[in-house]
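K.L.:
Return atomic coordinates for the entry below.
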Amino acid sequence: MIIAVLAAICVQACDSPPPPASSATGVASPDAAPTVAEAPARACGLPVGPDAGPAMAASPGMQAPDGPGLPATVLDRVAVVGASASNGYGVRMPFERQGRRVYRPLDLASVLSAAIPVRTHVSDHTSSLFFMSPVSTGARQVTLALEQEPTLLLALDFLFWYVYGDMGRDTGTPREAEARLQRLERGLLELDRFSGPRVVGDLPDMSDAVGRMLRPAQMPSAEALRAANARVSAWAAERPDVRLFPLSTLVDQMRSGESLRIGAYEWAPEDAQKTLQWDRLHPTVSGLIAITQQVAVCIEDGFGHGVCVLITAPEDVLNRLREVHDEAPGAVDAGS
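P.N.:
From the prediction side, this is the model:
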């Protein structure tokens with residue numbers, strides 16, 4: 001609920017870009033797209049839409065077609081805050097243009113846009129550089145999001161870098177777990193600046209990514225991670241307008257090697273394994289669609305009033321993305 005810059009900063013920094021699929025294309029592998037298209041198509045899901053203003057410059061978004069009008073709902077104006085997973089780190093989706101394959105960056109906001117079948121507005125405030133300064137970056141993102149007067153705030157990986165990352169002088173000391181929890185409180189305070197509907201992700205165990213994109217010093221201990229998730233769960237339980245997004249469970253299922261069920265939709269084991277990139281940290285195209293399916297479940301259970309208005313069948317989402325991007329500028333020619 002997430003994108004390639006500053007690889008030289010913080011050796012093996014978590015947000016450094018993955019290697020290209022080949023020297024010929026110079027872009028990340030788009031293998032997830034055809035895989036998702038083959039998956040079965042059923043499920044009531046969520047994503048968001050369109051013109052997000054200056055904060056959405058990196059996210060093309062889409063103008064959803066006119067549909068059966070909705071009363072004022074949480075999907076009217078959706079603001080997305082968060083880190084590299086939501087920002088689409090390393091994700092490139094293939095499109096056909098005049099007989100040639102081209103690639104475009106893809107982020108969570110764009111996938112959400114494609115999944116909402118009515119006119120809506122989504123603003124993207126995410127950043128792959130969240131890890132460099134979590135406290136100031138989080139504050140800035142929420143400030144920009146609030147300017148959009150959102151009806152829904154999505155913060156799926158917003159809290160990640162408040163708990164992960166080097167803890168300065170406290171790294172490796174008995175105070176490290178306490179320091180991580182103290183910084184987590186800063187992130188929760190930022191999310192409390194908005195009193196409306198929020199979908200907030202918990203903290204996944206990303207130890208699988210240590211040695212790939214994460215350094216050992218960036219990884220919280222198992223004890224610190226349990227304490228952080230307990231705090232997030234308690235915080236969410238005290239707020240009627242907050243729905244907890246089970247990011248930790250979803251990530252575990254994505255890398256389990258087994259089938260993945262989200263709502264009414266089930267990913268076959270071979271498809272579920274392709275929802276994470278080589279770094280075991282960031283989602284692929286398939287992964288972004290799976291995340292939107294889980295957001296849909298949160299929306300339906302928490303704010304949907306029993307009415308399903310979302311599209312999450314992978315093939316349908318991909319087709320809507322292609323409709324928007326096939327003729328859009330800014331694509332990278334695979335043959336160049």
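K.L.:
Remind me which helix or strand L153 belongs to.
P.N.:
Using DSSP states H and E, L153 falls within strand 152-155.
K.L.:
quick one: the helices in the stretch 51-200 of the chain?
P.N.:
108-115, 134-147, 160-163, 176-191 (DSSP state H, counting those that start in this stretch).
K.L.:
Could you single out the most deeply buried of the ones you listed?
P.N.:
helix 108-115 (a mean of 31; mean count of other CB atoms under 10 Å). Where you see a C-beta, it was placed from the backbone N, CA and C, and this is true even at glycine.
K.L.:
could you say what helices and strands it packs with?
P.N.:
Helix 108-115 sits against strand 77-80, strand 121-124, helix 285-302, helix 314-325, with contacts defined as 3 or more CB pairs under 8 Å, 6 or more residues apart in numbering; DSSP states H and E.
K.L.:
follow-up on the earlier one: to E315, which of the helices of the stretch 51-200 of the chain lies closest?
P.N.:
helix 108-115 (11.6 Å; CB to CB).
K.L.:
ok now that closest one, how far from the chain's centre?
P.N.:
With CA atoms, centre = their mean, to the nearest Å as the basis, helix 108-115 stands 10 Å off its chain's centre.
K.L.:
where along the chain do the strands fall?
P.N.:
Secondary structure of the chain (DSSP state E): strands located at 77-80, 92-97, 100-105, 121-124, 152-155, 198-201, 242-245, 260-262, 265-267, 332-333.
K.L.:
Okay, now the unreliable bits of the protein?
P.N.:
1-72, 304-309, 325-336 (pLDDT under 70).
K.L.:
change it to 90
P.N.:
Low-confidence regions of the chain, defined by pLDDT under 90, span residues 1-76, 93-104, 113-121, 168, 171-172, 263-265, 296-297, 299-315, 317-336.
K.L.:
Looking at it, name the residue that lies furthest from the middle.
P.N.:
In the chain, the residue that sits farthest from the middle, by CA atoms, centre = their mean, is P174; the gap is 32.2 Å.
K.L.:
Now that G138 has come up, it's in contact with L189, right?
P.N.:
No: with contact defined as CB atoms under 8 Å, G138 does not reach L189; the gap is 9.4 Å.
K.L.:
Around K274, count how many other residues there are.
P.N.:
20 (other CB atoms under 10 Å).
K.L.:
repeat for V317
P.N.:
27.
K.L.:
who's in contact with it?
P.N.:
Taking CB atoms under 8 Å, 6 or more residues apart in numbering, we find V317 in contact with P47, V111, A114, A115, I289, T292, I311.
K.L.:
now do E190
P.N.:
When contacts are counted by CB under 8 Å, 6+ apart, E190 touches G138, A139, V142, F158.
K.L.:
if you set the cut-off to 10 Å instead, what comes out?
P.N.:
Applying CB atoms under 10 Å, 6 or more residues apart in numbering to E190 gives the contacts 81, 134-135, 137-143, 145, 155, 158-159, 162.
K.L.:
what about dumping the CA coordinates of stretch 287-298 to CSV?
P.N.:
The C-alpha trace of stretch 287-298 is given here as CSV (Å, rounded to 0.1, in the frame of the first residue of the first chain):
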residue,chain,number,x,y,z
GLY,A,287,1.9,-6.9,-6.1
LEU,A,288,0.4,-3.4,-6.6
ILE,A,289,-2.8,-5.0,-7.8
ALA,A,290,-2.8,-7.4,-4.9
ILE,A,291,-2.4,-4.5,-2.5
THR,A,292,-5.4,-2.7,-4.1
GLN,A,293,-7.4,-5.8,-3.6
GLN,A,294,-6.6,-5.8,0.1
VAL,A,295,-7.4,-2.0,0.3
ALA,A,296,-10.8,-2.9,-1.3
VAL,A,297,-11.4,-5.4,1.5
CYS,A,298,-10.6,-2.7,4.1
